[in-house]
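S.K.: Fold the following.
(chains A and B)
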Amino acid sequence: MRKLKESVIEKGLQASALVTILVTVGIILVLSIEAINFFSEVPITEFLTDTQWTPLYSDKHFGILPLLSGTLLTSFIAILFAVPVGLSISIYISEYAPRSFRKTIKPLLELLAAVPTVVYGFFALTVVTPFLQTFIPSLSGFNSLSAGLVMGIMIIPFISSLSEDALHAVPNSLREAAYGMGSTKLQNSFRVLVPAASSGIVVSIILAISRAIGETMIVAIAAGQQPRLTFDPTVPVETITAYIVQVSLGDVQHGSLEYRTIFAAGITLFIFTFLLNTISYRIRKKFREKYE
Amino acid sequence: MNNIKKNRIFDQLFKFWGIACTFLGLVLLIIFIGSIFIDGIQRIDWDFITNLPSRKAERAGIYTALMGSVWILLLTTIIALPIGIAAAIYLEEYAKESKLASLLEVNISNLAGVPSIIYGLLGLEVFVRILQMGASVLAGSFTLALLILPIVIVSTREALKAVPKSIRDASFAMGASKWQTISKQLLPASFGGILTGIILALSRAVGETAPLIVIGALAYVPFAPASPMDEFSVLPIQIFNWISRPQHGFEVNAAAAIIILLLITFIMNSIAVYFRNRWQKRLK
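M.R.: Next up, the predicted model:
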């Protein structure tokens, strides 16, 4: 009796765990089926090479490139801002700051990632853009520069926290050897510890990129809704995620070509983040084996 | 000698740079919250919280959106909690080292990195269309439950992992079965850690906007939802809607609603940190 009960419970727990597999299968199926429907009407070559994205206008073009450039541009600005700042924070906290400081500052920094992104969008639109316009008068009201910078603020804790963990995990013997050779903390950090913790740091940066690419509300609010193939950070652009929001807010018929565009855009986004997540997972696995 | 001096100066300079970077984000956050406070605080009164939405900025309130958020939060918890905790127990206590376990692990780590808007597309097709829930509170809760599932699983596993091995051994030595050990010893001992993870996951759910927009949650709902099948709005969508309007009055409303949303998020985070600290002390 007791054995039976135990095995029923185990099966129940296993079923719950298998739900997560179902979710992944569900995502892939939903995206692929609607995307296949989409590509039966729009040739994939047009999707990949056309330089215009105008599915909601009468003159329809279905080139993903403008949405992709918007996504990459905003993410690039965010990363360009967040990586040096986040990495400096992690080195400072791990090597310079007193131990007690680490305990207080880490939860505070993680608060930055807890703020809802719609709130960051409001910040970008009403505070950062007007502030930047005092330096760059030609900056348009919607632009990828302020959206990217604010996204950078949001992802700082992703980089600083994970990189700090990686630096913290470097064996003390390496530190002591470098100090024994007469190096300063700065030399020690950049010549010994950062290279030693490089896999963890790379993982943190990849995860941050993946997060930036998938971020929606900040770019939907502050970067605009005009798909254009440009790398000019001062003009309005549209990201893949912002396009999906734009269509969802409108009244699009289920089963129409417009409806399917959001799944075609979605699968593009999913492939990008999936690749980044898989790479980071592989590196993490290797890294764990190396130190244990 | 000259070189050593130079190195020391660089070392000091980097220290100050590090301090500056560390406080940059926090200072920006303070500036931001300050500016929103100045914009929005005078708009917050009892009427703002209890009024229904309106076309006139000065009469509009957040009642329906706030109630929508409460509904979503409750149903998401009911759906995600049992599945998440059960999955975590299975992975941590039963499936160790098996092929299935490593597949589940890669899978969960991947799900945690899927952008939230993709969960919206999944919810739109599966819950709204195929299961015919429509753009209801229930469809929204299922969507968000799937979104926070990886977070609940990962944090529950961490909490179970932190329980000392001696407790397990003692329980088995007394002749307890595996499930008795889990339900009578491990779950109570890891309760604080599990609770922390769940509150953090829910604070993420309460701020989510994009997936709910995708499944068709509305910005304008005349009444608060009365059942899980009703249409709904949530606080972040209400804020997004007010931000997109040109009139200044709505910008003030957005700032006021943001104060309420931030208050909810920060309170949830503080509760989580409080429980974590208390639990970690007890575990020692």
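S.K.: Phi and psi next, for residue A:216.
M.R.: phi -110, psi -60 (degrees, to the nearest 10).
S.K.: Contacts only, for it.
M.R.: Contact analysis of residue A:216 by CB atoms under 8 Å, 6 or more residues apart in numbering or on different chains lists A:117, A:239, A:241-242, A:244-245, B:115-117, B:209-210. (C-beta placed from N, C-alpha, C; glycine too.)
S.K.: wait, isn't residue A:143 in contact with residue A:129?
M.R.: Yes. Counting by CB atoms under 8 Å, residue A:129 is a contact partner of residue A:143 at 6.8 Å.
S.K.: leaving aside the residues next to it on the chain, what's closest to whatever residue of the stretch 151-292 of chain A ends up closest to chain B?
M.R.: Minimum separation of the stretch 151-292 of chain A from chain B (CB to the nearest CB) falls at residue A:214, amounting to 2.5 Å. Spatial nearest neighbour of residue A:214, chain neighbours left out: residue B:115 (2.5 Å); criterion: CB to CB, 6 or more residues apart in numbering or on different chains.
S.K.: okay, now the one you found: neighbour count?
M.R.: Residue B:115 has 25 neighbours, counted by other CB atoms under 10 Å in any protein chain shown.
S.K.: Show the contacting residues for the nearest residue to residue B:94 once chain neighbours are set aside.
M.R.: Distance criterion CB to CB, 6+ apart; nearest residue to residue B:94, sequence neighbours excluded, is residue A:10 at 5.8 Å. Counting by CB under 8 Å, 6+ apart, residue A:10 touches B:90, B:94, B:179.
S.K.: Flag every residue of the stretch 51-200 of chain B that's near chain A.
M.R.: Within the stretch 51-200 of chain B, the positions adjacent to chain A are B:82-84, B:86-87, B:89-91, B:94-95, B:103-104, B:106-111, B:113-122, B:124-126, B:129, B:146, B:149-150, B:153, B:177-179, B:200 by CB under 8 Å from any CB of the partner chain.
S.K.: that older thread, confirm the residue nearest to residue B:94 sits in a helix?
M.R.: Yes. Membership of residue A:10 in a helix is supported by DSSP: H, G, I helix; E, B strand; the rest coil.
S.K.: quick one: contacts of the lowest-mean-pLDDT helix or strand in chain A?
M.R.: The helix or strand of chain A with the poorest confidence is helix A:99-114; it has a mean of 84 (mean pLDDT, DSSP states H and E). Outside helix A:99-114, the residues that touch it by CB under 8 Å, 6+ apart are A:89, A:93-94, A:97, A:153-158, A:160-161, A:164, B:22, B:25-26, B:29, B:200, B:203-204, B:207, B:265-266, B:269, B:273.
S.K.: Filter the residues you listed down to the buried ones and hand me the PyMOL line.
M.R.: In PyMOL, a selection of the buried entries from these looks like this (16 or more other CB atoms under 10 Å in any protein chain shown):
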select buried, (chain A and resi 89+93+94+97+153+154+155+156+157+158+160+161+164) or (chain B and resi 22+25+29+200+203+204+207+265+269+273)
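S.K.: Report the separation between the residue nearest to residue B:94 and residue A:79.
M.R.: Distance, residue A:10 to residue A:79, using CB to CB, to the nearest Å: 44 Å.
S.K.: next one: residue A:182
M.R.: Distance of residue A:182 to residue A:79, given as CB to CB: 35 Å.
S.K.: Over to residue B:273?
M.R.: Going from residue B:273 to residue A:79 by CB to CB gives 29 Å.
S.K.: again with residue A:200
M.R.: Using CB to CB, we find residue A:200 at a distance of 17 Å from residue A:79.
S.K.: Tell me which of residue A:182 and residue A:79 has more neighbours.
M.R.: Set residue A:182 next to residue A:79 and count neighbours by other CB under 10 Å: residue A:79 wins out with 22 against 9.
S.K.: wait, isn't that one in contact with residue A:209?
M.R.: Yes. Residue A:79 is within contact range of residue A:209, at 5.9 Å (criterion: CB under 8 Å).
S.K.: pLDDT wise, what is residue B:83 at?
M.R.: Per-residue confidence (pLDDT) for residue B:83: 95.
S.K.: With adjacent residues omitted, what lies nearest to it?
M.R.: Closest to residue B:83 by CB to CB, 6+ apart is residue A:16, at 4.8 Å.
S.K.: Pull out the buried residues from the host helix or strand of that neighbour.
M.R.: Assigned by DSSP states H and E, residue A:16 belongs to helix A:2-41. By neighbour count with 16+ other CB under 10 Å, helix A:2-41 contains the buried residues A:9-10, A:13-14, A:16-17, A:19-20, A:23-24, A:26-27, A:30-31, A:34-35, A:38-39.
S.K.: now it: mean pLDDT?
M.R.: Rounded mean pLDDT across helix A:2-41 is 92.
S.K.: and the most centrally placed residue in chain A, what does it touch?
M.R.: Residue closest to the average C-alpha location in chain A (CA atoms, centre = their mean): residue A:211, at 1.5 Å. Counting by CB under 8 Å, 6+ apart, residue A:211 makes contact with A:155, A:158, B:113.
S.K.: which SS state does it fall under?
M.R.: helix.
S.K.: and the lengthiest helix in chain B, what does it pack onto?
M.R.: The single longest helix within chain B, with elements called by DSSP state H, is helix B:2-40. Applying 3 or more CB pairs under 8 Å, 6 or more residues apart in numbering or on different chains; DSSP states H and E, we find helix B:2-40 packed against helix A:65-91, helix A:99-114, helix A:117-123, helix A:144-168, helix A:185-187, helix B:248-283.
S.K.: Out of those helices, which is closest to residue A:221?
M.R.: helix A:117-123 (3.1 Å; CB to CB).
S.K.: I'd like the next helix or strand past that closest one.
M.R.: helix A:129-133.
S.K.: quick one: that next one to chain centroid distance?
M.R.: Centroid separation for helix A:129-133 versus its chain: 24 Å, with CA atoms, centre = their mean, to the nearest Å.
S.K.: So for that helix, what gets flagged as buried?
M.R.: Of the residues in helix A:129-133, those buried by neighbour count under the rule 16+ other CB under 10 Å are A:129, A:132-133.
S.K.: In a markdown table, list the residues you listed along with distance to residue A:218.
M.R.: Formatted as a markdown table, these follow (distance: CB to CB, whole Å):
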| residue | distance to residue A:218 |
| --- | --- |
| A:129 | 12 |
| A:132 | 15 |
| A:133 | 18 |
